[in-house]
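**Student:** Requesting a structural model of the entry that follows:
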Amino acid sequence: MIKIRNIHRTFGQKHVLKGVTLTVNKGENYLLIGRSGAGKTVLLKNILGLIRPDSGTIAIDGTDITQLPKKKLEKVRLQFGLVFQDSALFDFLTIDENVGFFFYQHTKLKKSIIRKKVTETLALVGLEGIEKMYPYELSGGMRKRVAIARAVIYNPKIIIYDEPTTGIDPIAVDKIVTLIEDLHQRLAITSVVVTHDLEVGLKLADRLAFLLGGRIIFEGDKKDLETTKDERLIQFLKGTSGGPIREMEV
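**Tutor:** Have a look, this model is predicted:
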């Protein structure tokens with residue numbers, strides 16, 4: 001579903017991505033881990049076509065997006081749903097207007113049809129009867145689920161979760177993890193999860209990649225992770241300051 005080959009991206013004198021290569025297979029949960037500042041966000045922006053790599057290729061479901069004109073790129077982007085770290089809901093809009101935002105703003109569907117879609121999608125994430133409420137009236141965990149509803153309402157092929165459990169309590173974390181697993185199975189969605197919560201990430205992941213120094217230094221499944229001898233990855237997983245990764249190295 002996502003095939004990245006040898007992409008490089010620089011900003012001025014800073015070389016952020018240095019030949020990143022990875023493959024996300026159709027229908028899998030793929031975990032991307034790395035230290036803060038390692039380039040995970042830059043990589044996601046390249047995958048979404050928000051920025052273009054200096055070189056290399058990014059194929060989304062067989063289409064190389066690196067050279068696409070703007071209109072064709074926008075069509076490819078519709079294959080993605082994105083769940084932001086802070087949920088990124090509009091406080092001045094109701095939950096109905098937030099979840100149905102894409103349809104209200106970019107289609108000519110009747111409002112009654114959009115409202116029905118919103119109600120069905122909110123039920124899918126376990127949030128019935130909140131359509132007229134506003135984000136500030138909800139708990140952090142509920143806002144996360146609303147954000148997930150907004151991401152899945154138009155049936156994307158791929159969902160990117162950027163720190164989906166940050167800032168919520170352990171019970172809400174468990175609900176979000178269970179929801180992501182459930183949606184993954186029911187909707188056959190390909191998921192890319194970026195998180196610093198390794199317990200959550202490893203619970204969700206079919207395969208994972210470790211980004212360090214602008215390069216993917218590990219890609220494999222959890223069995224590969226258990227047998228790795230890469231001291232950098234072992235240090236990161238243990239969360240210790242002593243090891244080959246220096247404090248300032250990302």
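**Student:** What's opposite the residue nearest the centre of the chain in the beta bridge?
**Tutor:** With distances taken as C-alpha atoms, centre = their mean, the chain has Ile160 as the residue nearest its mean C-alpha position (2.1 Å). When bridges are assigned using DSSP bridges, the partners listed for Ile160 are Leu82, Val192.
**Student:** low-confidence ranges in this structure?
**Tutor:** Counting by pLDDT under 70, the chain contains low-confidence residues at 247-250.
**Student:** In contact with Leu183, which residues?
**Tutor:** Contacts for Leu183 (C-beta atoms under 8 Å, 6 or more residues apart in numbering) come out as Leu124, Val125, Ile148, Val152, Ile159, Ile189. Heads up, the C-betas are built off the backbone N, CA and C, glycines and all.
**Student:** now swap in Ile176 and tell me
**Tutor:** Counting by C-beta under 8 Å, 6+ apart, Ile176 has contacts Gly141, Lys144, Arg145, Ile148, Pro164, Thr165, Ile168.
**Student:** gap between it and Leu68?
**Tutor:** Going from Ile176 to Leu68 by C-beta to C-beta, to the nearest Å gives 33 Å.
**Student:** circling back to that earlier point, from the contacts of Leu183, which land in helices?
**Tutor:** Leu124, Ile148, Val152 (DSSP state H).
**Student:** Of the residues you listed, keep whichever come out buried.
**Tutor:** Leu124, Ile148, Val152 (16 or more other C-beta atoms under 10 Å).
**Student:** Show me which of the residues you listed is closest to Glu199.
**Tutor:** Using C-beta to C-beta, Ile148 is the member of those that sits closest to Glu199, with 19.5 Å.
**Student:** That closest one contacts Ser87, correct?
**Tutor:** No. Judged on C-beta atoms under 8 Å, Ile148 makes no contact with Ser87 at a distance of 9.1 Å.
**Student:** quick one: what helix or strand has the closest residue to Leu109 other than its chain neighbours in it?
**Tutor:** Distance criterion C-beta to C-beta, 6 or more residues apart in numbering; nearest residue to Leu109, sequence neighbours excluded, is Phe103 at 5.3 Å. For Phe103, the element it lies in under DSSP states H and E is helix 101-106.
**Student:** From Leu204, how far out is Gln105?
**Tutor:** When distance is defined by C-beta to C-beta, Gln105 is 31 Å away from Leu204.
**Student:** just the strands in the chain please.
**Tutor:** Secondary structure of the chain (DSSP state E): strands located at 2-11, 14-24, 29-33, 55-60, 63-64, 80-83, 158-162, 190-194, 207-212, 215-221.
**Student:** Tabulate these (JSON lines), appending distance to Lys229.
**Tutor:** Rendered in JSON lines, the data for these read as follows (distance: least, C-beta to C-beta, whole Å):
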{"stretch": "strand 2-11", "distance to Lys229": "25"}
{"stretch": "strand 14-24", "distance to Lys229": "21"}
{"stretch": "strand 29-33", "distance to Lys229": "18"}
{"stretch": "strand 55-60", "distance to Lys229": "28"}
{"stretch": "strand 63-64", "distance to Lys229": "35"}
{"stretch": "strand 80-83", "distance to Lys229": "34"}
{"stretch": "strand 158-162", "distance to Lys229": "30"}
{"stretch": "strand 190-194", "distance to Lys229": "25"}
{"stretch": "strand 207-212", "distance to Lys229": "14"}
{"stretch": "strand 215-221", "distance to Lys229": "11"}
